[in-house]
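Participant: model this:
(chains A and B)
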Amino acid sequence: MSSGYSSPSTADELVLHVWPGRWDLPSINPECLAAILYAQIVLPGGFVVEECTNPDLSPNGHLPYISSGLTAISTYGSISKHLSKLGGSRNPSNHLDALQSAQETAWLAFAQTHLGDLVACSLYTLKDNYWEYVRPTLADMFPVPQKYYIPDRMRNLHKSRLESIGLWNVAAEEREAEKNPNPNARSRLNETASSAFGKEKVLERARTHLDILANLLHDKPYFFGNEPSSLDAVVAAHILLLTIPPLPNDLLRAFITSNFPTLCSHAKRLRSLIQNEDSLSTSRSFELSTPYASEFDLQNASSRPQSRPFVPLTIRSAPHTSLSAFTSIFSSWRDSSAGEKEEKTDEEKQYDRLRWGWYALAVASVFAWGALSGLRIVVAKPDDDDLRKRRENKKVDEGEEEVEEEEAEVVEIEVEEDADEDDDEE
Amino acid sequence: MASTIPIPVAVHRFFAKFPLHIYPDSPLPQKNEVQRPSLWIAPPKSTVSGSVLSSDVECLKWQAYIALRGVKDLSVRWDVTPDGSVDGRLPSLQTADRKVLGARMIPGWVDDELQAEDDAFEGYKDATSKDESRAWVALLEGIVHTALTISKPSSPDLKAMLFYTPSKPLTSTASTPLSTHLSPPAAPISGISSIFPVYGERVSQSAVEAQYHDAIVSLSDRLGNDEWFLGSSRPTALDALAFAYLHCLLAGSDPVRVAVARKVNLVNWERRVQAIVQASCTVAPSS
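Facilitator: Below is the predicted model of the structure:
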């Protein structure tokens, strides 16, 4: 397990650590995206988003987590509670009664569970999505050698959950259905049987759960009244990750955009809190090939509530942790040789002093050991008397060796001659 | 016995030294005839007080479902291991005509027994309540289940360690990993970035306890003073599930039990439903 110093920020700064963003979204993870949306609802401009690729720094091993000074809080539920306390008058729970608050707790569990399954299925198990698109995207975020094993680990985390609900082998079932293109009776029967699995299972599950959420939202701007709440952030985050990424297999994206326009416009409304209207109108989502996406994007481009002025997010990259320090050595040398100098804090300077002190101690120890064990490194000039004497001694030694070899040959010859004489006598 | 392949005499004489005896069929012991449906469940926590309520959430859920739907003359037995059950897990239902059904078939069997008409709302008062019931099911089977699982002591006792025998756990819930119920799934203890192979499940106990506490408060607020959850006029599947979890939580360790015990309406409701379920079930005669 890795650990390391990761936050050079000021002591009381509220930092939200999330997975990096792609596809014109601030994060690729639904929980992280929901946390960003909720933080923007409650504390617009009062926090910093820090991209992080090391979830082991989090108290529960997952991103997102927030840190403020020495405090670190993980899981979306705890983060939203903490932000609500800091939000004061902007706390969305202020306009919920006890019944709505209780219902929101249940609906949050519903959305996180079932929409989370759909997002995981879309990214990791639908045919072609993971191996052709998602895995390379994730690998780009990590240095060597992590890029070769972390994406697969992230995928395998979802295996037990998706297996239990029958969405893990969707890709294999889809391929099985595609193996019989001829529509004769027997293959049609096989295709019917296999189509009962695969994508039909995914669509059935999506239809069941999204119908419920669409009925709950109905024609309202938000789930509970006219102000966004925690549930709005969670649902919008998942819908955005189901509809925005340009995945090769757009089964769920096409299904949701064509059948659930209210949920899509709701997600767009929440997205306008973190992205300016101009950037929304020119975002990559408009470049998608499906006609449905461009249609709802244009209609809902200016859907941000008038009472909420746009406050841009502050996003920064995480500093290198100890685990990636080895791989980042070369990049840091490159940066330092390019003349980039960053002002270091006192603590960092102390760490540098200790680090160089350790290097010096190691080198000195090697030399001390060599001296105590009697090793000598002699640097001799060509006309040195010692070298000449050694050469003379070497010649003498070589001469003695030649003499010994000759004597040995003589002895051998004598032994052979004696042996021959003995044979003759016999 | 005639053979189509000619056997040499020497081989025949050799095999004659090892004659084959065919013994008559052994008569099977006459077990008690199944006269009424029997639900195979995990054993109760304690049978001293005459309790027939299973200690496993999954088994108790179905036991309560059958009882609350109004099925009479249901017997329960806990001498059947999961290996002998449908899909290798309890509960299973043995019907009067000697069929054994898995848990998924129980609702259909109950409808047949009661000759119930199709109800679009599944017993809830309207479509909105039916949709809301799905949310409460997700809450109970998610964070509440996780809190219940991690509250159980994981370290075995000395006797179990000394006389270790690898065997499957009796309860289905004990064999499923936590990641099956959590979304997002639990991170590995070894860390996702570590160079070592992943193992274990890392769950933040404080975060789970906080969410569990919120869940119980929400459950209590939603129940209020109603007779059944979501204001239904008769018990529904959600009531059976809620009862199963509340009963196991109140019988569990202090952290989870205290959170429920503080809510008087939940405790009173659980006791009332417990009496109904207890009265509906009897122990099957042992074979």
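
Participant: Chain neighbours aside, what residue packs nearest to residue A:219?
Facilitator: In space, and not counting its chain neighbours, residue A:219 is closest to residue A:262: 7.2 Å by Cβ to Cβ, 6 or more residues apart in numbering or on different chains. For every residue, glycine as well, the C-beta is placed using N, CA and C.

Participant: neighbours around that neighbour, how many?
Facilitator: The tally of other residues near residue A:262 (other Cβ atoms under 10 Å in any protein chain shown) stands at 14.

Participant: Three-state assignment for it, please.
Facilitator: Here residue A:262 is helix, with the state taken from DSSP: H, G, I helix; E, B strand; the rest coil.

Participant: separation between it and chain B?
Facilitator: Distance from residue A:262 to chain B, counting by Cβ to the nearest Cβ, to the nearest Å: 15 Å.

Participant: wait, that residue sits on residue A:218?
Facilitator: Yes - using Cβ atoms under 8 Å, residue A:262 makes contact with residue A:218 at a distance of 7.5 Å.

Participant: Tell me the pLDDT of whatever residue of the stretch 101-250 of chain B ends up closest to chain A.
Facilitator: Closest residue of the stretch 101-250 of chain B to chain A, Cβ to the nearest Cβ: residue B:187 (2.8 Å). According to the prediction, residue B:187 has pLDDT 88.

Participant: Look up the closest residue to it, ignoring the ones flanking it.
Facilitator: Spatial nearest neighbour of residue B:187, chain neighbours left out: residue A:61 (2.8 Å); criterion: Cβ to Cβ, 6+ apart.

Participant: residues in contact with that neighbour?
Facilitator: Residues near residue A:61 by Cβ atoms under 8 Å, 6 or more residues apart in numbering or on different chains: A:55, B:186, B:187, B:188, B:191, B:192, B:202.

Participant: that older thread, the residue of the stretch 101-250 of chain B closest to chain A pairs with what?
Facilitator: In this entry, residue B:187 is beta-bridged to residue B:202, by DSSP bridges.

Participant: how many other residues sit next to it?
Facilitator: 26.

Participant: Could you check how far it is from residue B:204?
Facilitator: 9 Å (Cβ to Cβ, to the nearest Å).

Participant: what residues does stretch A:155-164 touch?
Facilitator: Applying Cβ under 8 Å, 6+ apart, the set of residues contacting stretch A:155-164 is A:117, A:120-121, A:124-125, A:130, A:135, A:168, B:176-177, B:179-180, B:182-188, B:192, B:198.

Participant: Now it - C-alpha only, CSV.
Facilitator: Taking C-alpha atoms only, stretch A:155-164 is exported to CSV below (Å, rounded to 0.1, in the frame of the first residue of the first chain):
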residue,chain,number,x,y,z
ARG,A,155,-12.2,-3.0,-13.5
ASN,A,156,-11.9,-6.2,-11.4
LEU,A,157,-13.2,-4.3,-8.3
HIS,A,158,-16.6,-4.3,-9.9
LYS,A,159,-16.5,-7.9,-10.8
SER,A,160,-18.3,-9.4,-7.8
ARG,A,161,-21.0,-6.8,-7.8
LEU,A,162,-21.7,-7.1,-11.6
GLU,A,163,-21.5,-10.9,-11.5
SER,A,164,-24.2,-11.0,-8.8
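
Participant: For chain A, which segments count as strands?
Facilitator: A:15-18, A:48-51, A:65-68, A:71-74, A:315-317 (DSSP state E).

Participant: Of the ones you listed, give the one that comes closest to chain B.
Facilitator: Among those, strand A:71-74 comes nearest to chain B, with 5.9 Å by Cβ to the nearest Cβ.

Participant: Could you give me the buried positions within that closest one?
Facilitator: Neighbour counts over strand A:71-74 (16 or more other Cβ atoms under 10 Å in any protein chain shown) mark A:72, A:73, A:74 as buried.

Participant: Report the beta-bridge partner residues of the second one.
Facilitator: Partner residues in beta bridges with residue A:73: residue A:66, with DSSP bridges as the criterion.

Participant: Provide a list of residues in contact with it.
Facilitator: Each residue near residue A:73 by Cβ under 8 Å, 6+ apart is listed here: A:59, A:65, A:66, A:67, A:79, A:82.

Participant: pretty sure the second one contacts residue A:58?
Facilitator: Yes - in this structure, residue A:65 sits in contact with residue A:58. The criterion is Cβ under 8 Å, and the distance is 4.1 Å.

Participant: of these two, who's got more company?
Facilitator: The residue with more neighbours, out of residue A:65 and residue A:58, is residue A:65; 27 against 22, by other Cβ under 10 Å.

Participant: where does residue B:28 land in three-state SS?
Facilitator: Once three-state DSSP is applied, residue B:28 turns out coil.

Participant: So residue A:311 versus residue B:69, what's the distance?
Facilitator: 54 Å.

Participant: whoops, I mixed them up, residue B:247
Facilitator: To residue B:69, residue B:247 is 18 Å away according to Cβ to Cβ.

Participant: Over to residue A:363?
Facilitator: Remark: distance between residue A:363 and residue B:69 (Cβ to Cβ) = 80 Å.

Participant: Compare these two and say which is more crowded by neighbours.
Facilitator: Neighbour count, other Cβ under 10 Å: between residue A:363 and residue B:69, residue B:69 has more, with 21 against 10.
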